[in-house]
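Sequence plus the predicted model coming up.
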Amino acid sequence: MEGIFQYAPAIAVLPFVSFLVALIAGEYLPKKGALAGILATGGSLTLSLVVLVAVVSGHTYNETLYTFVDASETFSLTFGLLIDPLSAAMLVIVSLIATLVHVFSLGYMNDEGEIGLPRYYAGLGLFTASMLAFVFSDNLLMAFIFFELVGLCSYLLIGFWFREDAPPSAAKKAFLVTRFGDYFFLIGVVAVLVTFGTAQFAGSEGFPALAEEALVAGETFHGLGAETWLSIIGLLVLGGVLGKSAQFPFHTWLPDAMEGPTPVSALIHAATMVAAGVYLVARMYGFYALLPTVLAIIAFIGGFTALFAATMGVVKDEIKQVLAYSTISQYGYIMLALGAGGYVAAFFHLTTHAVFKALLFLGAGSVIIAMHHNENMWDMGGLKDPMRVTYLTFLAGSLALAGIFPFSGFWSKDEVLFETLVHALGGSPLLLGAYVMGLGAVFLTGFYTIRMVMLTFHGEPRSDTAENPHGVRWNVKFPLSVLGVLAVVAGFLNPVPIQKLTGAQVDFLHAFLDSAPEATLTNAGHYSDLTAEYAGYGTGYIGGEVMTLLLGAGIALGLALVGAGSAFFLYRGAEPTAHTEKLGRVRTLLMHNYYQDEYQVWLAEGLTVRVARAADTFDQGVIDGLVNGASSVSLFAGDRLRRIQTGVVTNYAAFIALSLVILVALFAVLGGWI
């Protein structure tokens with residue numbers, strides 16, 4: 001079984017080959033390279049499943065494949081593979097979603113007479129390959145390289161329709177905002193290499209293990225205590241995480257990214273670009289688990305982002321915009337869980353979110369096909385019967401997103417909130433505040449999700465297009481059906497409430513992620529205990545663990561039902577009313593996204609540009625002025641002295657005689673004064 005790991009690089013190589021095939025020969029292939037992409041990602045999925053079976057059997061893999069800088073006295077830069085429970089599970093998620101997105105693209109892109117399809121399928125292949133390579137990277141530098149390649153692919157695919165005005169602008173915005181965060185990430189990578197001499201994730205020689213040793217030994221770095229210095233490194237890397245995962249304040253690029261093709265949105269939101277950031281924190285969890293301050297910051301940012309983004313999703317009119325703000329909010333929950341010490345809960349919600357968010361975006365794509373690419377929900381309605389498969393699967397994904405029992409999102413979101421509540425009750429006020437914000441987001445999520453369902457599928461058709469929707473074929477229905485089933489059953493990977501209440505060992509994900517041997521430890525197999533130890537989180541419960549679980553689950557489910565029920569009753573009529581317009585100025589504020597874009601423009605033009613101009617003026621007028629002034633004096637003096645160097649001997653004799661006369665006169669005058 002262990003021999004299968006030698007083929008693991010092919011998981012990323014196959015989509016890369018499809019990228020080359022589509023780019024070079026796609027114009028001459030059936031479906032313009034789509035079939036090559038489906039075969040490649042299907043092959044990656046098959047290999048990922050085989051690798052997952054091997055890891056479940058107790059085997060892992062951690063090997064260096066290539067050394068491109070060998071400086072043994074300082075550090076070496078390498079490429080390698082780390083296959084453990086975390087990466088094995090993530091490989092399956094990414095390859096599954098990528099395969100279904102390729103299949104869905106057959107119906108979404110090819111039927112519209114698109115031009116540039118080889119470029120589209122080449123982008124999907126490179127995007128998938130980059131994310132898969134990022135997932136099994138065994139060191140931080142390699143992860144950074146593929147992290148950046150993921151960002152490049154998102155730029156290319158968001159701006160796929162570059163002949164229009166909006167997509168290129170959205171692509172540039174995504175690229176620049178995430179690059180800003182990645183600037184800090186790059187500094188963090190350098191700091192890790194300089195501090196530890198290695199960027200390896202796993203094992204006793206990996207930087208998380210060395211960081212633990214430094215903390216225990218009480219070492220100092222550059223005059224700072226170990227915890228302070230390591231916290232600085234953790235926050236630097238966190239900059240890249242916040243950018244990629246669209247967390248506050250770097251969230252503004254993601255709603256604009258909806259300008260790209262809908263299958264690309266599904267891939268970005270569910271399994272690649274946005275997932276990369278939170279996966280990196282999970283990959284480095286052995287490091288972050290040692291840093292209580294950084295964990296608290298992660299949790300608070302996550303809780304705030306979950307609530308902040310949910311408020312904006314309530315008022316949006318375009319179906320993909322609602323889903324975009326939903327993605328920001330749900331990744332806020334994952335960050336909340338990571339900061340609260342809920343490593344498994346975070347990955348659990350990452351898994352279920354990948355399923356139901358891919359389903360919702362592909363379902364939205366099916367609706368957009370039917371509506372001839374009109375995304376405004378107020379022009380829809382009445383699609384429930386003519387689009388039965390889309391409706392039923394979309395409803396399953398919506399109930400999972402809203403956290404309604406027994407759909408997958410209920411189990412994972414419940415565990416996120418449970419872990420946060422438990423540690424908050426142990427004495428962390430920041431976590432308690434983050435937990436309250438998470439609860440607020442539960443109500444809003446239920447509301448905007450069911451509002452979206454009611455406006456899209458229920459009531460009477462509100463436009464001619466909705467009365468006669470365009471049909472969709474098997475290549476649209478098949479991915480929706482697969483994801484629809486998973487949205488119902490994926491939660492049973494880790495139904496913690498059932499285990500707590502019955503004692504049955506059904507928390508399969510906990511057992512799996514905790515099974516990594518010492519050779520590949522970077523995750524909760526060792527560091528879940530260290531989280532509580534170093535972060536100072538208590539283990540006290542109000543009324544016991546089961547009572548805390550029931551209380552937390554009851555409150556969260558109740559809020560979700562109240563939010564969903566409110567939307568159902570407000571928008572269930574044949575001709576629903578735009579109730580959010582009654583919010584007045586609040587709605588205006590939310591529709592303008594709290595004026596975050598305007599604020600960033602002001603920050604760039606009103607502050608950054610002015611500071612840059614002032615610095616430029618100072619540089620040219622003072623710094624360069626002093627240097628240029630000194631050189632000008634020297635040049636002027638040299639020019640004047642040059643004029644007396646005539647080469648005529650009689651002139652030199654005259655100057656000497658004149659100089660002697662002047663000197664004699666001076667001595668005479670000075671002698672008289674003396």
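Arrived safely, thanks for sending.

and stretch 145-157, how far out from the chain's middle?
11 Å (Cα atoms, centre = their mean, to the nearest Å).

Now that stretch: buried residues?
145, 146, 147, 148, 149, 150, 151, 153, 154, 155, 156, 157 (16 or more other Cβ atoms under 10 Å). Heads up, the C-betas are built off the backbone N, CA and C, glycines and all.

The second one reaches residue 136, doesn't it?
No - counting by Cβ atoms under 8 Å, residue 146 sits too far from residue 136 to count as a contact (9.6 Å).

Of the buried residues of stretch 145-157, which belong to helices?
Applying DSSP state H to these, the entries found in helices are 145, 146, 147, 148, 149, 150, 151, 153, 154, 155, 156, 157.

Setting aside sequence neighbours, what's the nearest residue to the fifth one?
Read that as residue 149. residue 130 (4.1 Å; Cβ to Cβ, 6 or more residues apart in numbering).

Could you verify my assumption that that neighbour touches residue 156?
No - applying Cβ under 8 Å, one finds residue 130 not in contact with residue 156, separated by 11.1 Å.

before we move on, the earlier item: wait, which of the buried residues of stretch 145-157 is closest to residue 266?
residue 157 (11.3 Å; Cβ to Cβ).

Could you list the buried residues of the longest helix belonging to the chain?
Scanning the chain for the helix with the most residues, using DSSP H, yields helix 166-196. Buried residues in helix 166-196, counting neighbours by 16+ other Cβ under 10 Å, are found at 167-168, 170-171, 173-175, 177-179, 181-182, 184-189, 191-193, 195-196.

Spell out for me which residue occupies the centre of this structure.
In the chain, the centroid-proximal residue (Cα atoms, centre = their mean) is residue 245; its distance is 2.2 Å.

so which strand or helix has the closest residue to it other than its chain neighbours?
Leaving aside its sequence neighbours, residue 245 sits nearest to residue 277 (Cβ to Cβ, 6+ apart; 3.1 Å). Under the criterion of DSSP states H and E, residue 277 resides in helix 273-283.

and that helix, what other elements does it pack with?
Here helix 273-283 touches helix 85-108, helix 117-135, helix 140-158, helix 226-244, helix 319-339, helix 343-370, going by 3 or more Cβ pairs under 8 Å, 6 or more residues apart in numbering; DSSP states H and E.

quick check: mean pLDDT across it?
The average pLDDT within helix 273-283 is 95.

Next secondary structure after it?
Downstream of helix 273-283 (by DSSP H and E), the next one is helix 285-288.

picking that back up, run through the neighbouring helices and strands of whatever helix or strand comes next after the longest helix of the chain.
Helices and strands here follow DSSP H and E; after helix 166-196, the next one along the chain is helix 207-217. Where contact means 3+ Cβ pairs under 8 Å, 6+ apart, helix 207-217 is packed against helix 166-196, helix 226-244, helix 285-288, helix 524-535.

Now do helix 207-217 and helix 140-158, the angle between them.
130 degrees (axes from the mean of the first three to the mean of the last three Cα atoms, to 10 degrees).

Can you check what angle separates helix 207-217 from helix 166-196?
50 degrees.

Tell me which helix or strand comes right after helix 207-217.
strand 220-221.

Surely residue 96 touches residue 42?
No - in this structure, residue 96 is not within contact of residue 42 by Cβ under 8 Å, at 9.8 Å.

out of these two, which sits in the busier spot?
Neighbours were counted for residue 96 and for residue 42 using other Cβ atoms under 10 Å; residue 96 has more, 24 against 17.

how near is the more buried one to residue 137?
Going from residue 96 to residue 137 by Cβ to Cβ, to the nearest Å gives 20 Å.

Figure out the helix or strand that residue 439 lives in.
helix 429-457.

Counting by contacts, list what that helix packs against.
helix 292-313, helix 319-339, helix 388-402, helix 408-425, helix 545-571.

Any chance of the ones you listed in CSV with mean neighbour count as columns?
Formatted as CSV, those follow (neighbours: other Cβ atoms under 10 Å):
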stretch, mean neighbour count
helix 292-313, 24
helix 319-339, 28
helix 388-402, 24
helix 408-425, 27
helix 545-571, 18
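
which one of these lies closest to residue 380?
helix 319-339 (7.9 Å).

for the closest one, packing partners?
helix 253-256, helix 262-270, helix 273-283, helix 292-313, helix 343-370, helix 408-425, helix 429-457.

Let me know the average pLDDT across the fourth one.
Read it as helix 292-313. Here the average pLDDT along helix 292-313 is 95.

swap in the last one?
Taken as a whole, helix 429-457 carries a mean pLDDT of 95.

how far out from the middle of the chain is that helix?
20 Å.

Next, the buried residues of whichever helix or strand comes after it.
Counting by DSSP H and E, the next helix or strand C-terminal to helix 429-457 is helix 464-467. Across helix 464-467, burial judged by 16+ other Cβ under 10 Å covers 465, 466.

Distance from helix 464-467 to the middle of the chain?
The answer for helix 464-467 is 37 Å, by Cα atoms, centre = their mean.

Any stretches of the stretch 301-450 of the chain with poor pLDDT?
427 (pLDDT under 70).
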